[in-house]
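[1] need a structure here:
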Amino acid sequence: MKAAIYCRVSTEGQEQDGTSLQTQMEACRNYCQGRGYEVGYELSEAWSGLSLERPKLNELREMVRSERIDAVVVYSLDRFSRDPVHGVILMQELEKHGVTLEAATETVDNSEVGKLVFYIKGYAAKLDAERRRDATGRGKQAMLKNGKLPQGTGIGIYGYQWIKEYKKRIPLKREARIVKRMFEMVVNGDGCFKIARTLNEEGVPTKSGKKWEARTVSRIVRNPAYMGITYFGRTSGKNREKKPQGSWYVLPDVTPAIISKELFERAQAALAKSKELHPGKAKHEYPLTGFAVCEYCGSPLVGSCLRGDYRYYYCRGTYPTASRRKICDARYIRAEWLEGAVWEKVKSVLCYPELLLAEISKQTEVEQAWVSDGTIDQEIKALNRKLKQYAGQERRLMQAFKLGFTPDVVMDEMNQTKKEKEADQARLASLVQTKENIARIGDYEGKLKELFARIVPDLDNCTNQDKKDAYTYLDLRITATPEGADIKGYLKPDLIEADSYVLTTGRTWA
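    Purely as a prediction, here's the structure:
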């Protein structure tokens, strides 16, 4: 029997107790060895068990669907899932493909009764997680009111050591000197890239022992904690002011200053001046950025200029990033050809603006009548009431199981309740989105008329911004290679049939 081992922890902090990934993996290996299983795959990750979208779990589910394995072995059932509904979904998926679920530390019953017990355990685990989350939140609030920073795990920011007992930071002399030097280099006109390169050349390690990167340096030289001011719950960068004051805290006694306020302000002024002098604006425009993807790997296509004048689009997957290696070998695509082919197809649609506007007006009348008579609001209200009642239904079904009702009957009722709930949630989301679309459709129609009036009379001399506006309204989707491109699009919002205005279903060849 071929088995796949799946191990999971919620946080890196769990590495310190008996549920660490290494401990789980060893226990699962011993379990498989004792039963003579062939271990074909070993998957482990740090991810919340309340989420169904986990990278390694997705890999495991693909193995199940392709029937590459006969069994899934976990350390315990709560490592597989901590959400009762997700647990049932996973169990049914395994059963459909003839894959058994086994645990190294407990017996797993794959019968209908076992599935029901698994559901109940998952429900209890979810309630426990919610209680702990609530208790943790209240604990953080109490610490913040007492002027303490609620940091529990992690190595902390560069330049300091975190003292857990006192919930404060203390400066580390060697790192503090590096921090001060960074700020001084910024004041002297050095950019973050140069600072990172200099530190790497000198062999200065980061807090985690890795190489310095420009964005790491940028975070440090913009952090007010280094002049003795600690914020908690306040977003950083351009979104900082979006959180209202009162939803975040200023903790003056948590982080001792490494640099003076004067040096910090001079560094911020130098960073602002550098941004003005080097705004990073590209020399050439690439109007298809954001609309085109690589046919080979699905990664976005972005613009590049070779030898100063030759514009191309290339696949992002052809270059490695901090989180992955190179994933694609696609060659460059000539920008002039691709942009020309796309615009020719779009022009063939824009030449008939009256047809597009007539369809929008027709659809607007129908949908606005639906809103004006209150039908959609009544259905939304009814669905909200119905969704609130599902929690009570789940509790009654579990109570019925405890009272001795036939397990398979209870399980069937739970599955049916789950399907009805998911259908109602999907319907509610669709109605809410429809209502929002209808509210915007008048504005959308006005902007589309303005766009047509501006660009249709002279489609051969449109600016790149005009073209991008047209691509946006037509919801353009381009899949390209150096040899050809598929160009498709349709009008927004989604109230209009997706295939009403397909630009082309064929292939445009170079």
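
[2] burial measure for Ser361, as a count.
    11 (other CB atoms under 10 Å). Every residue, glycine included, has its C-beta placed from N, CA and C.

[3] Could you check which helix or strand contains it?
    In this structure, Ser361 sits in helix 353-372 according to DSSP states H and E.

[4] What of Tyr231?
    strand 230-232.

[5] next one: stretch 77-96 to chain centre, how far?
    Per CA atoms, centre = their mean, to the nearest Å, the displacement of stretch 77-96 from the mean C-alpha position of its chain is 22 Å.

[6] List the buried residues in it.
    Of all the residues in stretch 77-96, those buried under the rule 16 or more other CB atoms under 10 Å are 77-91, 94.

[7] following the helix or strand harbouring Ala267, which helix or strand comes up?
    According to DSSP H and E, Ala267 maps onto helix 261-277. Sequence-wise, the next helix or strand downstream of helix 261-277 (DSSP H and E) is strand 292-294.

[8] model confidence over that following strand, on average?
    Strand 292-294 comes out with an average pLDDT of 94.

[9] Can you list the helices and strands that it packs against?
    strand 301-306, strand 477-480 (3 or more CB pairs under 8 Å, 6 or more residues apart in numbering; DSSP states H and E).

[10] chain center to it, what's the gap?
    That offset, for strand 292-294, works out to 20 Å (CA atoms, centre = their mean).

[11] Likewise for stretch 201-211?
    29 Å.

[12] Which of the residues in it are classified as buried?
    Thr206.

[13] Can I get it in PDB? Just the C-alpha atoms.
    Extracted C-alpha coordinates of stretch 201-211, given in PDB (Å, rounded to 0.1, in the frame of the first residue of the first chain):
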ATOM      1  CA  GLU A 201      30.200  42.500   1.000                       C
ATOM      2  CA  GLU A 202      31.400  43.000   4.500                       C
ATOM      3  CA  GLY A 203      29.800  39.800   5.700                       C
ATOM      4  CA  VAL A 204      27.400  41.400   8.100                       C
ATOM      5  CA  PRO A 205      24.500  39.000   8.700                       C
ATOM      6  CA  THR A 206      20.800  39.900   9.200                       C
ATOM      7  CA  LYS A 207      18.900  38.900  12.300                       C
ATOM      8  CA  SER A 208      18.100  35.500  10.700                       C
ATOM      9  CA  GLY A 209      21.600  35.000   9.300                       C
ATOM     10  CA  LYS A 210      20.500  35.600   5.700                       C
ATOM     11  CA  LYS A 211      21.700  38.100   3.100                       C
END
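
[14] What mean pLDDT does it get?
    Summarised as a single mean, pLDDT over stretch 201-211 is 86.

[15] now stretch 374-391
    83.

[16] Which of the residues in that stretch are classified as buried?
    Going by neighbour count (16+ other CB under 10 Å), the buried part of stretch 374-391 is Ile376, Ile380, Leu383.

[17] For the residue nearest to Arg169 when sequence neighbours are not counted, name its beta-bridge partners.
    Sequence neighbours aside, Tyr160 is the residue nearest to Arg169 in space, at 3.9 Å (criterion: CB to CB, 6 or more residues apart in numbering). Tyr160 has these beta-bridge partners by DSSP bridges: Pro171.

[18] so Tyr160 touches Thr230, yeah?
    No. Using CB atoms under 8 Å, Tyr160 is not in contact with Thr230, being 10.5 Å away.

[19] Looking at these two, which is more packed in?
    When neighbours are counted by other CB under 10 Å, Tyr160 comes out ahead of the other of Tyr160 and Thr230, with 23 against 20.

[20] residue contacts, the more buried one?
    Counting by CB atoms under 8 Å, 6 or more residues apart in numbering, Tyr160 touches Arg169, Ile170, Pro171, Leu172, Glu175, Ala176, Thr255.

[21] Can you tell me the SS state at the first one?
    Read that as Arg169. strand (DSSP: H, G, I helix; E, B strand; the rest coil).

[22] How many neighbouring residues does it have?
    21.

[23] In contact with it, which residues?
    Leu149, Gly156, Ile157, Tyr160, Gln161, Trp162, Ile163, Val254, Thr255, Pro256.

[24] Measure how buried the spatially closest residue to the second one that is not a sequence neighbour is and give me the count.
    For Gly156, ignoring the flanking residues on the chain, the nearest one in space by CB to CB, 6+ apart is Trp162 at 4.1 Å. If you count neighbours by other CB under 10 Å, Trp162 ends up with 18.

[25] State the phi and psi torsions of Trp162.
    Main-chain dihedrals, Trp162, degrees, to the nearest 10: phi -90, psi 120.

[26] just the one 4 residues further on next, same as before
    Main-chain dihedrals, Tyr166, degrees, to the nearest 10: phi -100, psi 0.

[27] thinking again about what came up before, closest one to Ala4 out of the contacts of Arg169, please.
    Closest approach to Ala4 among the contacts of Arg169 (CB to CB): Gly156, at 36.7 Å.

[28] Show the pLDDT at the residue nearest to Arg169.
    Looking at Tyr160, its pLDDT is 90.

[29] Use 372 as the first number for this chain going forward.
    OK, 372 is where the count begins now, so the last one is Tyr531.

[30] circling back to that earlier point, which ones among the contacts of Arg540 map onto strands?
    Tyr531, Gln532, Trp533, Ile534 (DSSP state E).

[31] I'd like to know which elements the helix holding Ala638 is packed against.
    Using 3+ CB pairs under 8 Å, 6+ apart: helix 632-648 touches helix 544-558.

[32] distance between the helix it packs on and the chain's centre?
    34 Å.

[33] next one: stretch 422-430
    13 Å.

[34] Then stretch 822-835?
    36 Å.

[35] Please work out the average pLDDT along that stretch.
    Stretch 822-835 comes out at a mean pLDDT of 88.

[36] any residues touching that stretch, and which ones?
    Residues contacting stretch 822-835 (CB under 8 Å, 6+ apart): 656, 658, 714, 718, 721-722, 724, 727-728, 837, 840-841, 844.

[37] Are any of these buried, and if so which?
    Buried among those by 16+ other CB under 10 Å: Glu656, Pro658, Trp714, Lys718, Leu721, Pro724, Leu727, Asp837, Asp840, Ala841, Tyr844.

[38] Lowest-confidence member of those residues, which is it?
    Lowest pLDDT among the buried ones among the contacts of stretch 822-835: Leu727, with 72.

[39] So that one sits against Leu819, correct?
    Yes. Applying CB under 8 Å, one finds Leu727 in contact with Leu819, separated by 7.4 Å.
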